[in-house]
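S.K.: My questions concern the predicted model and sequence given below.
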Amino acid sequence: MGLLGGPTHESAAAGDVESALMVLEPFVGDGWWGATQTAACVLSDAGCGGEAVALCLPFVEKGVYRTITFVAELLLRHGRGDEAFALVLPRVAEEFYLSKLVTVSAGLGRDDEVLATLHAWVDPRARDCTCGRGCGTDRLAGLIATVLERQGRIDEAVDLLREYVHRHNSTSVNVAKQLAGVLARDGRHDELRALIDGYGREYAARQFALHLEASGMSRARSRCSHPWRREATGILRSISLRS
């Protein structure tokens, strides 16, 4: 914590990358991942993405999840998305890499490959599931919907999320939020209102309000005559009163 909040970042902020790395060097040499990660961030911020990645490679070879995902993010940050994808894909036999695969694959034109990987996980579970959210199919369905949405296959994403928003007498908060987001981004306000009135409730309402805030349709613009802006103001007010 001292390294992250102390002279290391102050030196880096002042542009003295060399001094920052000198502070970290003995800890990096001792094989401390925290120091190595911080040094990699300093290098990355200085535009030395290749050196940052190279510094972390010994930890990647150990197969530690947090290290691999960090390096994938570094590669992505420096425009090396294909390398990030190649780093994550061979590891998706372990489920917790799936969300990172969805993230690093954006814009690479490999969405069909990602969907096939996700379906290989979710299809057997959905077929055998009797426990609802406990088997994790709702989370996997959310990842599939994310890829479908960015492909422009909005109807398929919506239909999938609707299937998983309420199963086995249990509502998935995350799916309700995601479905509300998809509907809001696609301008399907009538369907969104129905979701809020149904299983989505306050989860969908909050997501919708946040979306409208991000779109500039907030209380500050409530004088506008658009009825959905007035309704958004009401949603935001009701949420703030509940908080």
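M.R.: Structure received.
S.K.: Send me stretch 84-97 as PDB with only the CA atoms.
M.R.: Written as PDB, here are the backbone C-alpha positions of stretch 84-97 (Å, rounded to 0.1, in the frame of the first residue of the first chain):
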ATOM      1  CA  ALA A  84      -4.600 -10.600 -25.300                       C
ATOM      2  CA  PHE A  85      -7.200 -12.900 -26.900                       C
ATOM      3  CA  ALA A  86      -4.500 -15.600 -27.600                       C
ATOM      4  CA  LEU A  87      -3.400 -15.300 -23.900                       C
ATOM      5  CA  VAL A  88      -6.900 -15.900 -22.500                       C
ATOM      6  CA  LEU A  89      -8.600 -18.300 -25.000                       C
ATOM      7  CA  PRO A  90      -6.500 -21.400 -24.100                       C
ATOM      8  CA  ARG A  91      -7.500 -21.000 -20.500                       C
ATOM      9  CA  VAL A  92     -11.300 -20.900 -20.800                       C
ATOM     10  CA  ALA A  93     -11.500 -24.500 -19.500                       C
ATOM     11  CA  GLU A  94     -11.500 -22.500 -16.200                       C
ATOM     12  CA  GLU A  95     -14.800 -20.700 -16.100                       C
ATOM     13  CA  PHE A  96     -13.600 -17.500 -14.500                       C
ATOM     14  CA  TYR A  97     -11.700 -16.600 -17.700                       C
END
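S.K.: Go ahead and name everything in contact with that stretch.
M.R.: 60, 63, 65, 68-69, 71-73, 75-76, 98, 100-101, 104-105, 108, 110, 117, 121, 136 (C-beta atoms under 8 Å, 6 or more residues apart in numbering). Using the backbone N, CA and C atoms, a C-beta is placed for each residue, glycine as well.
S.K.: Name only those of those that count as buried.
M.R.: By neighbour count, with 16 or more other C-beta atoms under 10 Å, these hold 68-69, 71-72, 75-76, 98, 100-101, 104-105, 110, 117, 121 as buried.
S.K.: Flag the least confident of those residues.
M.R.: The lowest pLDDT within those belongs to Trp121, with 87.
S.K.: check contacts around Arg201.
M.R.: With C-beta under 8 Å, 6+ apart, Arg201 has these contacts: Ala176.
S.K.: Actually, Val114.
M.R.: Applying C-beta under 8 Å, 6+ apart, the residues contacting Val114 are Leu101, Val102, Ser105, Val147.
S.K.: Where helices are concerned, which of these count?
M.R.: Taking DSSP state H as the definition of helices, those contribute Leu101, Val102, Val147.
S.K.: Just give me how far stretch 84-96 sits from the chain centre.
M.R.: How far stretch 84-96 lies from its chain's middle: 16 Å, per C-alpha atoms, centre = their mean, to the nearest Å.
S.K.: Next: stretch 53-61.
M.R.: For stretch 53-61, the distance to the chain centre is 23 Å (C-alpha atoms, centre = their mean).
S.K.: which residues are in contact with that stretch?
M.R.: 28, 33, 36-37, 39-40, 43, 67-68, 70-71, 74-75, 78, 80, 87.
S.K.: Using PDB, list the CA coordinates for it.
M.R.: Written as PDB, here are the backbone C-alpha positions of stretch 53-61 (Å, rounded to 0.1, in the frame of the first residue of the first chain):
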ATOM      1  CA  VAL A  53       4.300  -6.900 -20.500                       C
ATOM      2  CA  ALA A  54       7.800  -8.400 -20.500                       C
ATOM      3  CA  LEU A  55       8.200  -7.600 -16.800                       C
ATOM      4  CA  CYS A  56       5.100  -9.700 -16.000                       C
ATOM      5  CA  LEU A  57       5.800 -12.700 -18.200                       C
ATOM      6  CA  PRO A  58       7.500 -14.800 -15.500                       C
ATOM      7  CA  PHE A  59       4.300 -14.600 -13.500                       C
ATOM      8  CA  VAL A  60       2.100 -15.400 -16.500                       C
ATOM      9  CA  GLU A  61       4.100 -18.600 -16.900                       C
END
